[in-house]
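1. test case, fold it:
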Amino acid sequence: MPRITIVFGVLLILLGCFGYFGSTAEHPSLTALIPAGFGLVLLICGAVAAARDGLRMHTMHISATVALLGALAGGGRGMMKIGSLFSDDPSVNTRPVYMTLTMAVLCLIYVVICVQSFIAARQRQRAEAAG
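-> Predicted structure coming up:
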C-alpha cells in the first residue's frame, strides 16, 4: 500500500505542476498547486509507511483521510463550477474545472483502494486470530 500511496502522491504533484506551469496566464494562480500539496502529503505518508513498519497503519489512515478531504474539496469546487463547461462564452476558462475534477477523481480512486485494503487487512487479522 505504501507504493500505491507514493504513486498517487506523485500523480497529484504532477497534476498541480501541470496546472501551475502549464497555465497560459502570465501570472498563474498559486491555487493551481493545491493538488501538489495534497500529493506531497500522500508522498510523505507513503515514504514513512515504507520506511517504518510500525507507523504503517497510522500513516495509511492519515493518507486516506487526506485523500478523502481532497476528493470532497476538489469535487465540491468542481461541481460548483461545472456549469462553465457548458458555456458558449469563449472567454470562460474551463481548465481549472478540469483540474479540480481530476484531483477529485484521483483522490476518490485512492480512497476506494484504501478502503479495500483496510477491509482485506481486517479480514486477515480475523483469520489469523481464528486459525
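
2. mind listing what the residue sitting nearest the centre point of the chain touches?
-> Residue closest to the mean C-alpha point of the chain, counted by C-alpha atoms, centre = their mean, is residue 107 at 3.3 Å. For residue 107, the contacting residues are 8, 12, 38, 67-68, 70-71, 74, taking C-beta atoms under 8 Å, 6 or more residues apart in numbering as the criterion. From N, CA and C alone the C-beta is placed, and that goes for glycine too.

3. mind listing what's buried in the helix ranked longest in the chain?
-> Residue-count comparison of every helix in the chain, with assignments taken from DSSP state H, identifies helix 95-130 as the longest. Counting neighbours by 16 or more other C-beta atoms under 10 Å, one finds that the buried residues in helix 95-130 are 96-97, 99-104, 106-108, 110-111, 113-114.

4. closest one to residue 89 out of the residues you listed, please.
-> Distances from residue 89 to those, taken as C-beta to C-beta, are shortest for residue 97 (13.5 Å).

5. state the distance from the closest one to residue 65.
-> Taking C-beta to C-beta, to the nearest Å as the measure, residue 97 falls 25 Å from residue 65.

6. likewise residue 79?
-> In this structure, residue 79 and residue 65 are 21 Å apart, going by C-beta to C-beta.

7. please apply the same query to residue 14.
-> Distance, residue 14 to residue 65, using C-beta to C-beta: 22 Å.

8. what's the next secondary structure element after the helix or strand encompassing residue 3?
-> Taking DSSP states H and E as the criterion, the element that holds residue 3 is helix 2-21. Note on helix 2-21: by DSSP H and E, the next helix or strand toward the C-terminus is helix 34-51.

9. packing partners for that following helix?
-> In this structure, helix 34-51 packs against helix 2-21, helix 56-80, helix 95-130, with contacts taken as 3 or more C-beta pairs under 8 Å, 6 or more residues apart in numbering; DSSP states H and E.

10. for the helix holding residue 3, give the mean pLDDT please.
-> The predicted model assigns helix 2-21 a mean pLDDT of 95.

11. no more questions from me, cheers.
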